[in-house]
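Undergrad: Take this sequence and fold it.
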Amino acid sequence: MAPVQWASGPSGQGWVQVLEFLLAFLLSGLIGVERQLRHKAAGLRTYTTVGAGAALFTLVSKYGFTDVVHTGTVELDPSRMAAQIVSGLGFIGAGVIFVHRGWVQGLTTAATIWLTAAVGAAAAAGLPLLAALTVAAYFVVSYAIRPLLNRLPALRRAAVSYRIIYRPGQEVLREVLDQCTRAGSAVLELRTLSDVAGELSGEAAEKPVEVALSVQGQGDAGGLTAQIASVAGVLTCIRGRSDEE
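TA: Okay, the predicted model is just below:
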């Protein structure tokens, strides 16, 4: 199908290019929906925008300068603009990656944004099979490999529960959660067991608070117990049974 060409304008604005752009938009949106359902920092709008933007840059790089190209005087290298997509994504990746007390978060989000840009560029470059295969591979990694890793004894993460009693009003709970993070454990559940509704009154403000904490990680559960117990303000830390016990 011959592309539709506007007067004195560049070629490459036909239905083929429209379909390539829409394919990039659709595939990027699929990744965005999955990240949105997982309540990640970047969701549907971010991934769709990144994929569509990468597709547009690729199309511009391929067709946007055909009206000024003249053999022997002005040459066109379509890869130059497309190559800048990767480096241009650096500011987005820097915005979603952050470090808190040695714990790095957002790496997967940044990598997925980078992958989405590649999908958009591939779709716009006329490589729909590779673009679709990349999205399929992403979903395999997200939904098929994770359960497989959890089945491996060396990689399976056991959930451990703790019953913690502490004095309120000293940011003790925040320090306890920081200890869990530094130990490489993710907090699964945090529940208050004691009645703290009356803590705003004078005498009740000194009443100890009891919480149930459930964490999951590959670290030493016994060592984490000792670290939590050593936090200033913690009166008692009792470790419960893990999923493997």
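
Undergrad: which stretches of this structure form helices?
TA: Along the chain, the stretches classed as helices by DSSP state H are 15-37, 44-63, 79-88, 90-96, 107-124, 128-140, 146-151, 172-182, 221-229.

Undergrad: I'd like to check the angle between the second one and helix 128-140, please.
TA: If I follow you right, that is helix 44-63. 160 degrees (axes from the mean of the first three to the mean of the last three C-alpha atoms, to 10 degrees).

Undergrad: cool, and the first one?
TA: Orientation of helix 15-37 against helix 128-140 (the same axes, to 10 degrees) gives an angle of 0 degrees.

Undergrad: What mean pLDDT does helix 15-37 get?
TA: In this model, helix 15-37 carries a mean pLDDT of 89.

Undergrad: Okay, angle between that helix and helix 107-124 too, please.
TA: 160 degrees.

Undergrad: List the buried residues for helix 15-37?
TA: 17, 20-21, 23-32, 34-36 (16 or more other C-beta atoms under 10 Å). Any C-beta I mention is one placed from the backbone N, CA and C, and that applies to glycine too.

Undergrad: other SSEs contacting it?
TA: Identification of packing neighbours for helix 15-37 by 3 or more C-beta pairs under 8 Å, 6 or more residues apart in numbering; DSSP states H and E yields helix 44-63, helix 107-124, helix 128-140.

Undergrad: now that helix, how far from the centre of its chain.
TA: Relative to its chain's centre, helix 15-37 lies at 18 Å (C-alpha atoms, centre = their mean, to the nearest Å).

Undergrad: Name the nearest residue to R191, sequence neighbours excluded.
TA: Closest residue to R191 apart from its sequence neighbours, by C-beta to C-beta, 6 or more residues apart in numbering: A212 at 4.6 Å.

Undergrad: okay, now the one you found: neighbour count?
TA: Neighbour count of A212, defined by other C-beta atoms under 10 Å: 14.

Undergrad: May I have the residues that are in contact with L56?
TA: If you count contacts by C-beta atoms under 8 Å, 6 or more residues apart in numbering, L56 has them with F21, A124.

Undergrad: for the buried residues of helix 15-37, which one is nearest F139?
TA: Taking C-beta to C-beta as the measure, F139 lies nearest E34 of those, at 7.0 Å.

Undergrad: and A54, how many residues sit next to it?
TA: 27.

Undergrad: Return the distance of it relative to G14.
TA: From A54 across to G14, the span is 20 Å (C-beta to C-beta, to the nearest Å).

Undergrad: Also T108?
TA: Per C-beta to C-beta, T108 is found 37 Å from G14.

Undergrad: Then A124?
TA: 13 Å.

Undergrad: Pick out whichever of those two has more residues nearby.
TA: A124 (28 against 14).

Undergrad: need the helices of the chain in JSON lines with distance to R239, can you?
TA: JSON lines is the format used below for those (distance: least, C-beta to C-beta, whole Å):
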{"stretch": "helix 15-37", "distance to R239": "33"}
{"stretch": "helix 44-63", "distance to R239": "40"}
{"stretch": "helix 79-88", "distance to R239": "47"}
{"stretch": "helix 90-96", "distance to R239": "34"}
{"stretch": "helix 107-124", "distance to R239": "30"}
{"stretch": "helix 128-140", "distance to R239": "37"}
{"stretch": "helix 146-151", "distance to R239": "22"}
{"stretch": "helix 172-182", "distance to R239": "13"}
{"stretch": "helix 221-229", "distance to R239": "5"}
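
Undergrad: I'd like to know which of the ones you listed is closest to S161.
TA: Once these are compared by C-beta to C-beta, helix 221-229 is nearest, at 9.9 Å.
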